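**Student:** Here is a sequence with its predicted model. Questions after.
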Amino acid sequence: MSAPALPDTPALLEITWTDPVTGRKGYVVIDTLVRGLASGGLRLREGCTLDEVRGLARGMTRKEALVYDPADKYVPLGGGKGGIDVDPADPEATNVLRRFLAAVLPVVRAQWNTGEDFGLRQETIEQVAAELGMPSTVEAAFATIPDAAASRAALAQAFGTMVGGISLGDLVGGYGVAQAGLAAAARLGKAPEETTAVVQGFGSIGGAAARYLAEAGVRVVAVADREGLIRNDAGLDIEALLAARDGLGVIDRAALRDTDTVGDRDDWLAVPCDLLVPAAMSYVIDEDDVPRIDAGAVVEGANMPTLPAAEAALAKRGIPVVPDFLANVMTNAWWWWIVFQDIEPNAEASFAKIRGVMHRLVETVTADAAESGCTLREAALHLVDRNSKALAERVGITA
């Protein structure tokens, strides 16, 4: 299979902002526009760079195109992303966020539909947006919908739905990662009850991925948060760990069982498992880490967690990587399925749609990769390419 036809073109728009108070940098990258719109979250991470946000924005272009289905009312948007170089735990983080959004508000109003991402919770960005006079951070998309009032009500209902004490909006992305993992395990010939998993990161994505892997019968043997590793080869009590985590995904060690053990934060890479799920930071698996990894497959719950050289080395060892723009696509897709009213704003409809679409995508990509002898990433990029061309024909132009 030859390389995908999608060109590696420069982004349409790049903004670099400097906070006048702290000197912190913030970035917006609009990679592509479809019908004048782009979609993608805003992250808070100390050390965030323009190059990082460029990569994330390109990933959003791929995510949008990947889930395109002509049967849906949802017509995918272009890809965009934002990032601020600030620690989300910094007491000044919300003030920096407020000044950043005020500065880039014209782009948010007209083109960039954004929401929570790494280090930023949805309620925080919504609160700041309201202070700046915006009903939401997806107003540009609402402007294209005939019955925007019904879509607003559906989105509010969906985010107000609680499942096991957690908002549905905080679960759908990790649920999708779990379904990607289950589909990958099936391709390895593993039933859920025969499968083990390690999850790095215990925020909204990692926590939900662990919950729904465990609910399906997978034995989650280790999770890692910013304080270190928690391991139990007989299987962790994921619900107890979820109840003991704080708003930043850090687990209270007082809630651990006597049989749970703790280790260093980076020890997650070496725990034997069928599914290795990096679900927090970018760039956490480099080429030097590959010899430590003893996994059947890597399922990228985070954005850009595996460096290209590491992915190539994993491929040589026969360890497939389910790429980020496939594995963690469902937070973004779910938003738009609700807004465009492709699904009812409840957990049952949301999980059914996510489950069906994710298994179809993983099965399509893995079958294409097996037939062509390419990696899952290459096969997924070819699917993005095909969908992008079909989408371009539907809307007439992609920018």
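**Tutor:** Received, thanks.
**Student:** which of the residues in stretch 163-180 are buried?
**Tutor:** Within stretch 163-180, the residues scored as buried using 16 or more other C-beta atoms under 10 Å are 163, 166-180. For the C-beta atoms, the positions are set from N, CA and C on the backbone; glycine is no exception.
**Student:** now that stretch: mean pLDDT?
**Tutor:** When pLDDT is averaged along stretch 163-180, the result is 95.
**Student:** what do you get for stretch 204-220?
**Tutor:** The model assigns stretch 204-220 a mean pLDDT of 97.
**Student:** Buried ones in that stretch, by neighbour count?
**Tutor:** Neighbour-count burial for stretch 204-220 [16+ other C-beta under 10 Å]: 204-214, 216, 218-220.
**Student:** so which of the residues you listed comes closest to residue 333?
**Tutor:** Closest to residue 333 out of the buried residues of stretch 204-220 is residue 205 (14.1 Å), distances taken as C-beta to C-beta.
**Student:** Now name the helix or strand holding that closest one.
**Tutor:** helix 204-215 (DSSP states H and E).
**Student:** Which is the succeeding secondary structure element to that helix?
**Tutor:** Using DSSP H and E, the helix or strand that follows helix 204-215 in sequence is strand 219-225.
**Student:** who does that next one pair up with?
**Tutor:** In the sheet, strand 219-225 lines up against strand 196-200 (parallel), strand 228-231 (antiparallel) (DSSP bridges).
**Student:** Put the alpha carbons of that strand into PDB.
**Tutor:** In PDB, the C-alpha atoms belonging to strand 219-225 read as follows (Å, rounded to 0.1, in the frame of the first residue of the first chain):
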ATOM      1  CA  ARG A 219      -8.300  -7.700  34.200                       C
ATOM      2  CA  VAL A 220      -6.700  -4.200  34.700                       C
ATOM      3  CA  VAL A 221      -3.500  -5.100  36.500                       C
ATOM      4  CA  ALA A 222      -1.900  -1.600  36.800                       C
ATOM      5  CA  VAL A 223      -2.700   2.000  36.500                       C
ATOM      6  CA  ALA A 224      -0.400   5.000  36.700                       C
ATOM      7  CA  ASP A 225      -1.100   8.500  37.800                       C
END
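**Student:** change the start of the numbering to 250 and stick with it
**Tutor:** Let's use 250 as the start, then, which means that last one is strand 468-474.
**Student:** from the chain's centre, how far out does the longest helix along the chain sit?
**Tutor:** In the chain, taking DSSP state H as the definition, the longest helix is helix 596-621. How far helix 596-621 lies from its chain's middle: 16 Å, per C-alpha atoms, centre = their mean, to the nearest Å.
**Student:** what angle do it and helix 453-464 make?
**Tutor:** Taking axes from the mean of the first three to the mean of the last three C-alpha atoms, to 10 degrees, one finds helix 596-621 and helix 453-464 inclined to each other by 90 degrees.
**Student:** Are there helices or strands packed against helix 596-621, and which ones?
**Tutor:** Here helix 596-621 touches helix 421-436, helix 573-576, helix 579-588, helix 625-644, going by 3 or more C-beta pairs under 8 Å, 6 or more residues apart in numbering; DSSP states H and E.
**Student:** change it to 6 Å
**Tutor:** helix 421-436, helix 625-644 (3 or more C-beta pairs under 6 Å, 6 or more residues apart in numbering; DSSP states H and E).
**Student:** tell me the domain ranges of this protein?
**Tutor:** 262-393, 418-628 (automatic domain parsing).
**Student:** Let me have those domains in JSON lines, extended by distance to residue 407.
**Tutor:** Shown next, in JSON lines, are the domains of the chain (distance: least, C-beta to C-beta, whole Å):
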{"stretch": "domain 262-393", "distance to residue 407": "11"}
{"stretch": "domain 418-628", "distance to residue 407": "4"}
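**Student:** Quick check, residue 454 in contact with residue 425.
**Tutor:** No: counting by C-beta atoms under 6 Å, residue 454 stays clear of residue 425, with 9.0 Å between them.
**Student:** Name the surrounding residues that touch stretch 319-328.
**Tutor:** 280-283, 286-289, 306, 309-310, 313-314, 317, 585-586, 589, 591 (C-beta atoms under 6 Å, 6 or more residues apart in numbering).
**Student:** Can you list which of the residues you listed are found in strands?
**Tutor:** Cross-referencing the contacts of stretch 319-328 against strands under DSSP state E gives 287-288.
**Student:** Which stretch among the helices and strands packed on helix 596-621 is buried most, on average?
**Tutor:** Of all the helices and strands packed on helix 596-621, helix 421-436 carries the top mean neighbour count, a mean of 27, counting by mean count of other C-beta atoms under 10 Å.
**Student:** would you turn the strands paired with strand 468-474 into CSV with mean pLDDT, distance to residue 544 and mean neighbour count?
**Tutor:** Formatted as CSV, the strands paired with strand 468-474 follow (pLDDT from 0 to 100; distance: least, C-beta to C-beta, whole Å; neighbours: other C-beta atoms under 10 Å):
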stretch, mean pLDDT, distance to residue 544, mean neighbour count
strand 445-449, 98, 7, 28
strand 477-480, 98, 15, 20
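**Student:** closest to residue 615 out of these?
**Tutor:** strand 445-449 (18.1 Å).
**Student:** Quick one: residues contacting residue 424.
**Tutor:** Residue 424 touches 457, 461, 603, counting by C-beta under 6 Å, 6+ apart.
**Student:** Test my guess that the first one contacts residue 421.
**Tutor:** No: Residue 457 lies out of contact with residue 421 (C-beta under 6 Å); the separation is 7.7 Å.
**Student:** Between the helices and strands packed on helix 596-621, which one is closest to residue 500.
**Tutor:** helix 421-436 (15.5 Å).
**Student:** Residue 627 and residue 569: what is the separation?
**Tutor:** 11 Å (C-beta to C-beta, to the nearest Å).
**Student:** Next one: residue 648, what pLDDT does it get?
**Tutor:** Note for residue 648: predicted pLDDT of 41.
**Student:** same thing with residue 250?
**Tutor:** At residue 250, pLDDT is 37.
**Student:** Helices along the stretch 300-449 of the chain, start to end?
**Tutor:** 342-359, 371-380, 388-391, 397-409, 421-436 (DSSP state H, counting those that start in this stretch).
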